[in-house]
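>>> Sequence and predicted model, in that order:
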Amino acid sequence: MKILITGGAGFVGSTLALMLRQDLPDVDVLAFDNLRRRGSELAIGRLRAAGVRFVHGDVRNPEDLGDVGGFDLLIECSAEPSVHAGYEGSPAYVLRTNLDGTLHCLEAARQHHADLIFLSTSRVYPIAPLRSLPLERRGSRFEIAEPQAGPGWSCRGITTGFPLTGHRSLYGATKLASELVIEEYHEMYGLRTVINRCGVIAGPWQMGKVDQGFMALWAARHLFGGALSYVGFGGDGLQVRDVLHAADLYDPIKIQMNNLARFNGMLFNVGGGRQCSTSLAELTALCAERAKRTLAMGRQVETNAADIPYYVTDNSAVSEATGWAPRRGLTRILDDIFGWLQEHRAVVEPILSAPAHGAAPASAPAASTVSSS
């Protein structure tokens with residue numbers, strides 16, 4: 001069996017590739033990546049040491065995928081993952097990578113009669129309805145006021161039945177459009193497919209930035225130093241996300257790939273769930289405790305256009321279908337991230353540290369927000 005993972009040198013893709021290779025030593029695992037994100041080049045040595053074949057290529061170029069040859073399963077992890085992509089510049093990269101890239105992956109899968117597992121995002125759900133949820137402040141976080149519930153939402157979180165009417169950012173739109181095209185390939189060509197809408201994914205080797213990867217960024221700034229700010233929704237850091245350890249994502253994907261006839265054509269929300277959620281204020285306290293350093297948090301009251309105050313995954317459907325539930329909680333996620341940062345400090349500190357004073361470009365964000373996976 002031959003498994004192709006696009007975005008295979010990225011944080012999620014490389015984690016899945018390494019776990020697949022360890023779990024299935026007789027399977028040929030290929031990690032396909034353009035290495036655009038800084039730090040992804042560090043994955044190459046780890047992949048090769050584990051027996052994963054690395055292929056340098058770009059999903060925007062169908063010729064690069066053609067050079068891979070045949071494969072049996074494609075796990076599509078490639079993406080421009082920032083919900084802020086295109087707001088202050090050209091949308092070309094997010095559109096071409098997330099939409100054209102999916103089309104090229106689908107064509108490659110069709111030509112080789114391969115199966116497809118697609119990693120989508122919780123940001124397909126539109127911004128205005130998420131902002132309209134009945135939230136109340138409880139301590140240092142927002143929560144949905146119980147016992148209220150509505151279409152696709154309750155105190156357990158968001159389900160796939162949440163309404164899709166409304167705008168959601170170009171990032172979310174490209175992922176939703178990809179889902180629709182995947183559904184057409186599934187029906188027209190008999191392509192066996194599974195779609196997983198993931199929330200925030202975190203863990204070691206995530207090169208967190210101000211617009212994506214906030215768990216690693218928060219830990220690195222506390223450990224290495226640098227500025228952080230609470231942005232939007234009053235500037236108190238109350239906004240909440242659930243967090244899934246990247247290693248916990250492997251388990252439902254393995255179940256799906258081993259039972260594709262059963263899960264063919266299905267769509268799931270996959271995330272950490274309410275029991276593994278945190279606000280920025282809560283995360284700050286947890287990071288300060290581990291780093292033994294307290295940062296003076298900046299505060300921006302105004303809310304950025306793409307930001308939402310609350311997202312927690314309701315895993316009921318995927319748990320019922322597969323028997324899966326996350327096994328690594330918030331404590332384990334943070335312990336793994338801090339352990340990785342400390343063990344590999346010499347390599348990752350230059351990538352994850354805040355820019356030196358005066359070195360950041362004028363357009364660089366001065367504060368960090370909670371973004372998607």
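Cool, got the structure. Numbering: from 1, shown residues only.
>>> When you work out contacts or count neighbours from here on, use the C-alpha atoms and nothing else.
OK.
>>> ranges for the helices of this structure?
11-23, 43-49, 62-66, 92-95, 101-111, 127-131, 169-189, 214-224, 246-258, 260-263, 280-291, 316-322, 330-343, 345-352 (DSSP state H).
>>> how about these in JSON lines, adding mean neighbour count and mean pLDDT?
Shown next, in JSON lines, are the helices of the chain (neighbours: other CA atoms under 10 Å; pLDDT from 0 to 100):
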{"stretch": "helix 11-23", "mean neighbour count": "21", "mean pLDDT": "97"}
{"stretch": "helix 43-49", "mean neighbour count": "16", "mean pLDDT": "97"}
{"stretch": "helix 62-66", "mean neighbour count": "17", "mean pLDDT": "97"}
{"stretch": "helix 92-95", "mean neighbour count": "17", "mean pLDDT": "96"}
{"stretch": "helix 101-111", "mean neighbour count": "21", "mean pLDDT": "98"}
{"stretch": "helix 127-131", "mean neighbour count": "17", "mean pLDDT": "98"}
{"stretch": "helix 169-189", "mean neighbour count": "19", "mean pLDDT": "98"}
{"stretch": "helix 214-224", "mean neighbour count": "24", "mean pLDDT": "96"}
{"stretch": "helix 246-258", "mean neighbour count": "18", "mean pLDDT": "98"}
{"stretch": "helix 260-263", "mean neighbour count": "14", "mean pLDDT": "97"}
{"stretch": "helix 280-291", "mean neighbour count": "18", "mean pLDDT": "98"}
{"stretch": "helix 316-322", "mean neighbour count": "16", "mean pLDDT": "98"}
{"stretch": "helix 330-343", "mean neighbour count": "18", "mean pLDDT": "98"}
{"stretch": "helix 345-352", "mean neighbour count": "16", "mean pLDDT": "94"}
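>>> Export these to CSV and append columns for distance to E302.
Formatted as CSV, the helices of the chain follow (distance: least, CA to CA, whole Å):
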stretch, distance to E302
helix 11-23, 31
helix 43-49, 37
helix 62-66, 42
helix 92-95, 25
helix 101-111, 34
helix 127-131, 14
helix 169-189, 18
helix 214-224, 19
helix 246-258, 31
helix 260-263, 43
helix 280-291, 16
helix 316-322, 34
helix 330-343, 28
helix 345-352, 26
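>>> Nearest to R36 among those would be which one?
helix 92-95 (11.0 Å; CA to CA).
>>> Just the CA trace of the closest one, in CSV.
Provided in CSV are the C-alpha atoms of helix 92-95 (Å, rounded to 0.1, in the frame of the first residue of the first chain):
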residue,chain,number,x,y,z
ALA,A,92,-3.9,34.4,-4.7
TYR,A,93,-1.9,32.0,-2.5
VAL,A,94,-4.8,31.0,-0.3
LEU,A,95,-7.1,30.5,-3.4
